[in-house]
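# Here is my input, please return the structure:
(2 chains)
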Amino acid sequence: MRLTDLTFREIVRALESRELSSRDLVAAALDAIRSSGDTLNTFIRTADPDDLLAQAQAIDDARARGRSPGPLAGIPIAIKDNISTCRLGTTCGSRMLEHYQPPYDATAVARIRAAGGIVVGKTNMDEFAMGSSNEHSAFGPARNPWDTERVPGGSSGGSAAAVAAGHAVLALGSDTGGSVRQPAGFCGVVGVKPTYGRISRYGLVAFASSFDQIGPMARDVAGAAALLDVVAGYDTRDATSLRETLPNYVTAVTAGVEGLRIGVPHEFVGPTVQPWVRERVEGALAALEAAGAELRELSLPSLAHGVPTYYLIADAEASTNLARYDGVKYGHRADASDLDGVFERTRGEGFGDEVKRRIMLGTYALSAGYRDRYYASAQAARRVITAELVRAFDEVDALVGPVSPGTAFPLGERVADPLAMYLSDIFTAPANLAGAAAISVPCGVASDGLPVGCQVTVDRHAEPVMFSLAGEIERACGGPLAPPSGGGA
Amino acid sequence: MAVSIDEARHVARLARVDLSDEALVKIASELSTVLDHFASLAGITDEPDSLHPFEASDPPEADHAPALRTDEPGETLSREDTLAGAPVTENGQFSVPGFLPDES
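Got it, this is the predicted structure:
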């Protein structure tokens, strides 16, 4: 059996009716990891297989005794390696934290465990979540199960590739400027960036705190909604987490789209978008219209400022957040006779090139003489972009367009050109700037043989509408995708 | 070029990152390319009703407030767990090279 043969709902039904055991499900994940894990480099670390099978057996035993062991019971779940897992190494894709073992679980991980989910391992990622291709991992790049010469996207590329290749049923990623949605689009899976504050950031290693959100990933929309149902909600340990009664997201997936107003921004279908991507997204829009939604063209001119605004603020925040890696409390420490030498050499040795570039850019943007020109301008631009999106959401219920201008690009194509890499985030960064929610849902395979992600962006708190639209796109575009040969590489 | 090599050296010092001369040349050039592109932000004008340039863009709302929980003693990490990942410890504390004049 392969995990990619079944939808999330089919897996849950089969587990509940005991046609399928959790042990078989975990064994299938372990088989897939054995067969293509090395090629795809999806995991930085996996949990002990015997321990995973024992956890699965305990769930099967509980079910046999008539107990209901939780909404994710017995389901193999992969966790991005910047989300803390107690006594399971958490490297953030960095040499700096190569041997770091968190002494606690992130709130999202604790909630997954409480719901019976089985944490199979920690997925590969761009170092400290800084990258759009996974090529900035200190542990080698993860690869795309659709074509192993192409990137899986980033920074949550390991999580996206793991789900696409059946190494796990569900995964958590983190999304600061598109890091869940872009790899989901490149690997043909579903990825959610919830409203800022929806999922507790406690235990998520900080990159840019005013943008960072943990996000669920799955092969289908129902799977992503079910995972969000479990991990969302207020947490006293995160002062930015939202206090509100949560709707049931799984129910929203099949609620229909009749009467919903869809904004189609000119800027999302411009000349930078590959024609085979535009074609698939236009197909998704036509399907929404056929299902009763109303399409409205609109313009969001300030989105042109999205990438510079995002990078200046995110890197400024990163330059302060990453000050904690000083060789004192955890992680790598270089030899030096004086304290400044310890700081400088530890950071010089422990961080990779992209992280150094980001820290330098952020420090420069905050430094005396440049702060007004760069950081303050970017904060002003962030408010302008946010105001423009808020005005748009007075007129429409959602914005729909491509996740990225192109499909997955070849390994090595952009790694030496930081600016080209940053421009990959052009359609995803605005949701992070405004704290809004967005989802990447596959809308078919393009003529180049690679999956295309369609992005649905909604106002803060409007995840139910987002799931309804994504559910309709998924149905209309032929359901969940599977890579050729099941991602076996 | 927006960023000179001397400026890059100064910023690396502020950020406490040890970079070789060769790395400084490369990073100064990369930052210049990126910042030249980002110069487009210079023309942007803020919303007329904005209050302060460093105010968070996300306004306080009922669902955020109160942002801080009640200040009550709770469970915290033990000293042992806290120090477990430290590269060097001494007498149950983090250890660093001496940095006060009478110690060095």
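
# Helix or strand: which one has the residue in the stretch 301-450 of chain A that chain B sits nearest to?
Of all residues in the stretch 301-450 of chain A, A:Gly348 sits closest to chain B, at 3.0 Å by Cβ to the nearest Cβ. Glycine gets a C-beta too; all of them are placed from N, C-alpha and C. Using DSSP states H and E, A:Gly348 sits in helix A:339-350.

# quick check, distance from that helix to the centre of its chain.
31 Å (Cα atoms, centre = their mean, to the nearest Å).

# That one: which residues count as buried?
Applying a neighbour-count criterion of 16 or more other Cβ atoms under 10 Å in any protein chain shown, the buried positions in helix A:339-350 are A:339, A:341-348, A:350.

# which ones are touching the closest residue to chain A within chain B?
Closest to chain A within chain B is B:Asp18: 3.0 Å, counting by Cβ to the nearest Cβ. B:Asp18 sits next to A:344-345, A:347-349, B:12 when contact means Cβ atoms under 8 Å, 6 or more residues apart in numbering or on different chains.

# Looking at the residue nearest to the residue of the stretch 301-450 of chain A closest to chain B when sequence neighbours are not counted now. What's its pLDDT?
In space, A:Gly348 comes closest to B:Asp18 once its chain neighbours are excluded; the distance is 3.0 Å by Cβ to Cβ, 6 or more residues apart in numbering or on different chains. pLDDT, B:Asp18: 98.

# go on, B:Asp49?
On the pLDDT scale, B:Asp49 gets 50.

# And for A:Ala316?
pLDDT at A:Ala316 comes out at 98.

# Over to A:Gly191?
Looking at A:Gly191, the pLDDT reads 98.

# At the geometric centre of chain B, which residue sits there?
Taking Cα atoms, centre = their mean, the centroid of chain B lies closest to B:Ala15, which sits 8.0 Å from it.

# Now do the contacts for it.
Neighbours of B:Ala15 in contact, by Cβ under 8 Å, 6+ apart: A:319, A:347, A:359-360, A:363.

# Keep only those of the residues you listed that are in helices.
A:319, A:347, A:359-360, A:363 (DSSP state H).

# Would you confirm that B:Glu75 belongs to a strand?
No. B:Glu75: not assigned to a strand; according to DSSP: H, G, I helix; E, B strand; the rest coil it is coil.

# What count of nearby residues applies to it?
By other Cβ atoms under 10 Å in any protein chain shown, 5 other residues sit near B:Glu75.

# So what touches the helix or strand where B:His37 lies?
Take DSSP H and E as the rule and B:His37 turns out to sit in helix B:21-38. By Cβ under 8 Å, 6+ apart, the list of residues contacting helix B:21-38 from outside reads A:308, A:311-312, A:356-357, A:360-361, A:364, A:374, A:418-419, A:422, B:1-5, B:7-9, B:12, B:19.

# Mark which of these are buried, thanks.
Buried among the contacts of helix B:21-38 by 16+ other Cβ under 10 Å: A:308, A:311-312, A:356-357, A:360-361, A:364, A:374, A:418, A:422, B:2-3, B:7-8, B:12, B:19.

# where along chain B do the strands fall?
For chain B, the strands defined by DSSP state E cover B:89-90, B:93-94.

# Restrict stretch A:359-368 to CA atoms and write it as PDB.
Provided in PDB are the C-alpha atoms of stretch A:359-368 (Å, rounded to 0.1, in the frame of the first residue of the first chain):
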ATOM      1  CA  ILE A 359      21.500  39.200   8.700                       C
ATOM      2  CA  MET A 360      23.700  41.700   6.900                       C
ATOM      3  CA  LEU A 361      20.700  43.100   4.900                       C
ATOM      4  CA  GLY A 362      18.600  43.400   8.000                       C
ATOM      5  CA  THR A 363      21.400  45.000  10.100                       C
ATOM      6  CA  TYR A 364      22.100  47.400   7.300                       C
ATOM      7  CA  ALA A 365      18.400  48.400   7.000                       C
ATOM      8  CA  LEU A 366      18.300  49.100  10.700                       C
ATOM      9  CA  SER A 367      21.600  50.900  11.000                       C
ATOM     10  CA  ALA A 368      22.100  54.600  11.800                       C
END
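
# could you list every residue that touches the closest residue to A:Gly74 other than its chain neighbours?
The shortest distance from A:Gly74 to any non-neighbouring residue, by Cβ to Cβ, 6+ apart, is to A:Ser22 (2.6 Å). Going by Cβ under 8 Å, 6+ apart, A:Ser22 touches A:15, A:56-57, A:59-60, A:63, A:73-75, A:118.

# pLDDT score assigned to residue 97?
The chain I'm using is chain A. 98.

# that answer is for a different chain, and I need it for chain B
Looking at B:Pro97, the pLDDT reads 94.

# Check A:Ala431 too.
97.

# What helix or strand is it located in?
Using DSSP H and E, A:Ala431 falls in helix A:429-434.

# for A:Val109, same thing?
Taking DSSP H and E as the definition, one finds A:Val109 inside helix A:107-114.

# Same question for A:Ala438.
Counting by DSSP H and E, A:Ala438 is part of strand A:437-445.

# do the same with A:Val12
helix A:8-16.

# same for that helix, what does it pack against?
helix A:22-40, helix A:221-231 (3 or more Cβ pairs under 8 Å, 6 or more residues apart in numbering or on different chains; DSSP states H and E).

# Which elements pack onto the helix or strand just after the first one?
Next along the chain after helix A:22-40, taking DSSP H and E as the criterion, comes strand A:43-46. Applying 3+ Cβ pairs under 8 Å, 6+ apart, one finds that strand A:43-46 makes contact with helix A:22-40, strand A:118-123, helix A:157-164.

# Please identify the most buried of these.
Stretch with highest mean neighbour count among these: helix A:157-164 (a mean of 37; mean count of other Cβ atoms under 10 Å in any protein chain shown).

# then that one to CSV, C-alphas only?
What follows is helix A:157-164, C-alpha atoms only, in CSV (Å, rounded to 0.1, in the frame of the first residue of the first chain):
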residue,chain,number,x,y,z
GLY,A,157,10.4,21.9,0.8
GLY,A,158,11.1,18.7,2.8
SER,A,159,7.5,18.8,4.2
ALA,A,160,6.0,19.3,0.8
ALA,A,161,8.1,16.6,-0.9
ALA,A,162,7.4,14.2,2.1
VAL,A,163,3.7,14.5,1.7
ALA,A,164,3.8,14.3,-2.1
